[in-house]
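Undergrad: Whatever this is, show me its structure:
(one chain, ligands or ions: 2)
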Amino acid sequence: MRYCATTSLREYPTTIFFTMKVYKFGGASVKDAAGVRNLQKIVSTQDSLFLIVSAMGKTTNALERVFSLFVEEKKDESLLELEQIHHYHTEIIQELWGKTSSLEDVEKLFSELEMFIRYTPGRITSMEACYDYIVSFGELISTKIISNYLLLCKIENKWIDMREVFVTSCTHKDANVLLDRSEARLLNEVSQNGYKVFVGQGFIGRATDRSVTTLGREGSDYSAACVANITNAESLTVWKDVDGILSADPKLFPNAIKIEHINYTDAIELAYSGAQIIHPKTIKPLQNKLIPLFVKPFSNPQGNGTEISSKAETVSTPIIILKKKQVLLTLKSKDLSFILEEKFQLIFDILAKYNIKTNLVHNTAVMLALCIEENWHLDELLLELQNESFEIECKRNVELLTIRHYNEEMYHHHATKACCLLRQTTTDTVRVVREC
Ligand code: ASP
Ligand code: MG
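TA: Ligands and ions are numbered 1, 2, ... in the order given. Take a look at the predicted model:
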């Protein structure tokens with residue numbers, strides 16, 4: 001039965017017997033009180049829903065600043081930044097509940113974080129684990145506000161602590177949800193007490209060593225996809241501040257058009273190339289259970305948006321994606337020995353050790369060029385590669401442009417300019433690493 005999720009662990013209820021949809025609301029859609037009211041309106045049209053919500057507005061960026069100041073041992077500045085985040089949320093709460101209101105749950109979360117910053121030494125053993133602990137508060141706070149606001153509007157719902165539901169890998173800042181270990185926990189939460197609406201945080205979980213993890217920036221989409229997978233949801237809808245998936249970023253390419261239908265493979269390739277619309281890890285959990293994904297405009301809930309499913313034909317419209325903050329690494333052997341299999345293995349093992357993502361690989365007999373993500377451990381990586389006797393060139397702050405289904409005109413316009421440092425062309429796709 002399609003909407004009946006089961007699990008084999010005996011101590012937990014193993015089945016849910018109602019149809020559920022999963023809705024994900026990103027930070028932009030809940031950036032202010034009007035956004036929260038709009039969410040409530042959209043939610044009120046449905047009976048059984050699992051909501052996954054991101055941190056409000058630009059809270060995660062602000063919490064990243066709290067973290068950076070904390071590790072630089074600038075505690076006062078870190079606390080000041082936290083105070084601004086507190087103020088921002090208080091304004092939203094007071095607009096929704098009335099002047100001088102506050103929510104006890106939210107106050108508790110702010111004081112927990114404040115205590116941590118005040119009384120923990122800035123010299124920490126794992127930067128990544130500390131980052132995850134601090135930034136996870138954004139989603140905890142937003143979901144407390146939203147769950148309470150829905151209650152105020154007589155929408156019964158259950159707030160779920162996703163740290164206790166998602167068991168993840170220990171790769172801080174980029175953890176993966178272990179679906180088989182999370183399944184029973186989630187089904188247990190949704191099958192209790194007759195609730196039909198659930199509110200959970202995107203982006204966060206807990207590793208097997210019990211530390212809090214985050215799933216990668218913009219990772220709430222992925223959280224929502226994992227919930228949909230485990231509960232065998234009817235569909236996942238990601239509510240956005242755009243009309244759907246566009247063929248390019250309209251701020252950069254004004255001729256962008258909306259794509260109505262797209263299949264999982266095209267969607268995963270787009271996301272991987274850097275299309276901001278959906279987190280790359282979102283597609284697999286959905287495809288594995290053939291759950292359709294809708295990307296819909298938050299400001300126009302009746303709009304069609306884009307449907308991502310197994311049914312859609314391959315898109316033939318040219319699609320342009322620009323990925324910024326990249327690094328171009330060129331490795332050459334000093335003695336003309338080949339850079340082939342074992343060397344590849346060595347290099348990728350070092351990249352994996354620092355959890356550095358590779359977005360493009362290009363090789364010749366004695367050279368390997370890699371376009372990788374900016375990372376805190378880049379200097380350590382370079383040092384380690386140098387110790388392996390590679391001659392290395394490293395160009396930071398470059399961008400990676402991908403054009404799928406390119407035509408002649410686009411090719412000449414975008415891929416042949418003097419700023420191009422590396423170009424990789426197949427019959428269907430051209431990718432260019434270029435200076436900004
Ligand atoms: N709040 C997190 C971020 O801004 C996760 C998300 O929005 O999906 O990256
Ligand atoms: Mg966000």
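Undergrad: and Ile283, that one's in a strand?
TA: No - under DSSP: H, G, I helix; E, B strand; the rest coil, Ile283 falls outside any strand and is assigned helix.
Undergrad: Pull up the distance across stretch 337-346, start to finish.
TA: One end of stretch 337-346 sits 14 Å from the other (CA to CA, to the nearest Å).
Undergrad: mean confidence score for it?
TA: The pLDDT scores in stretch 337-346 average 86.
Undergrad: Other residues contacting that stretch?
TA: Leu331, Lys332, Ser333, Ile347, Asn363, Ala365, Val366, Met367, Leu368, Glu388 (CB atoms under 8 Å, 6 or more residues apart in numbering). (Glycine included, C-beta is placed from N, CA and C.)
Undergrad: so where's the longest helix in the protein?
TA: helix 75-97 (DSSP state H).
Undergrad: wait, does that one make contact with ligand 1?
TA: No - judged by CB under 6 Å from any ligand atom, helix 75-97 stays clear of ligand 1, getting no closer than 12.5 Å.
Undergrad: Could I get the buried residue list for that helix?
TA: Within helix 75-97, the residues that qualify as buried by neighbour count (16 or more other CB atoms under 10 Å) are 75, 78-79, 81-82, 85-86, 88-90, 92-93, 96-97.
Undergrad: from the contacts of stretch 337-346, which single one is nearest Ile319?
TA: Ile319 has its nearest neighbour among the contacts of stretch 337-346 in Asn363, at 25.9 Å by CB to CB.
Undergrad: quick one, phi psi at the closest one?
TA: phi -140, psi 150 (degrees, to the nearest 10).
Undergrad: so it makes contact with Ala369?
TA: Yes - Asn363 lies in contact with Ala369 (CB atoms under 8 Å); the separation is 7.2 Å.
Undergrad: burial measure for whatever residue of the stretch 51-200 of the chain ends up closest to ligand 2, as a count.
TA: Taking CB to the ion as the measure, the stretch 51-200 of the chain has Ser54 as its residue closest to ligand 2, at 4.4 Å. Neighbour count for Ser54, taken as other CB atoms under 10 Å: 28.
Undergrad: Can you list the residue ranges for strands in the stretch 151-300 of the chain?
TA: Listed in chain order, the strands found in the stretch 151-300 of the chain under DSSP state E, counting those that start in this stretch are 158-160, 167-168, 197-201, 204-207, 212-214, 235-240, 245-246, 258-259, 261-263, 293-297.
Undergrad: if we can go back for a sec, wait, the residue of the stretch 51-200 of the chain closest to ligand 2 touches Val30, no?
TA: Yes - counting by CB under 8 Å, Val30 is a contact partner of Ser54 at 7.3 Å.
Undergrad: who touches both of those two?
TA: The contact lists of Ser54 and Val30 share Ser142, where a contact means CB under 8 Å, 6+ apart.
Undergrad: Drop anything exposed from the contacts of stretch 337-346.
TA: Buried among these (16+ other CB under 10 Å): Leu331, Ser333, Ile347, Val366, Leu368.
Undergrad: and the residue of the stretch 51-200 of the chain closest to ligand 2, what does it touch?
TA: Here Ser54 is in contact with Lys24, Phe25, Gly26, Gly27, Val30, Thr60, Gly138, Glu139, Ser142, Gly202, Phe203, Ser220 (CB under 8 Å, 6+ apart).
Undergrad: Can you list which of those are found in strands?
TA: Lys24, Phe25 (DSSP state E).
Undergrad: what subset of the contacts of Ser54 is also close to ligand 2?
TA: By CB under 5 Å from the ion, the members of these lying near ligand 2 are Gly27.
Undergrad: between the contacts of Ser54, which is closest to Ile117?
TA: Using CB to CB, the contacts of Ser54 come closest to Ile117 at Gly138, 14.8 Å.
Undergrad: Quick check: the closest residue to the closest one other than its chain neighbours vs ligand 1, distance?
TA: Nearest non-adjacent residue to Gly138, counting by CB to CB, 6 or more residues apart in numbering: Ala55, 2.8 Å away. Distance, Ala55 to ligand 1, by CB to the nearest ligand atom, to the nearest Å: 4 Å.
Undergrad: Which secondary structure element is home to Ala55?
TA: If you go by DSSP states H and E, Ala55 is not part of any helix or strand.
Undergrad: That one: neighbouring residues, count only.
TA: 30.
Undergrad: Likewise for the one 3 residues further on?
TA: Lys58: 15 surrounding residues under other CB under 10 Å.
Undergrad: in this structure, what spans have low per-residue confidence?
TA: For the chain, the stretches flagged by pLDDT under 70 are 1-17, 122.
Undergrad: show me where it has helices.
TA: 33-43, 59-71, 75-97, 104-119, 127-135, 137-152, 179-190, 220-231, 264-273, 283-287, 341-353, 378-387, 408-415.
Undergrad: tell me the most buried of those helices?
TA: helix 220-231 (a mean of 28; mean count of other CB atoms under 10 Å).
Undergrad: Residue numbers of the stretch 51-200 of the chain in contact with ligand 2?
TA: Checking the stretch 51-200 of the chain against ligand 2 by CB under 5 Å from the ion, the hits are Ser54.
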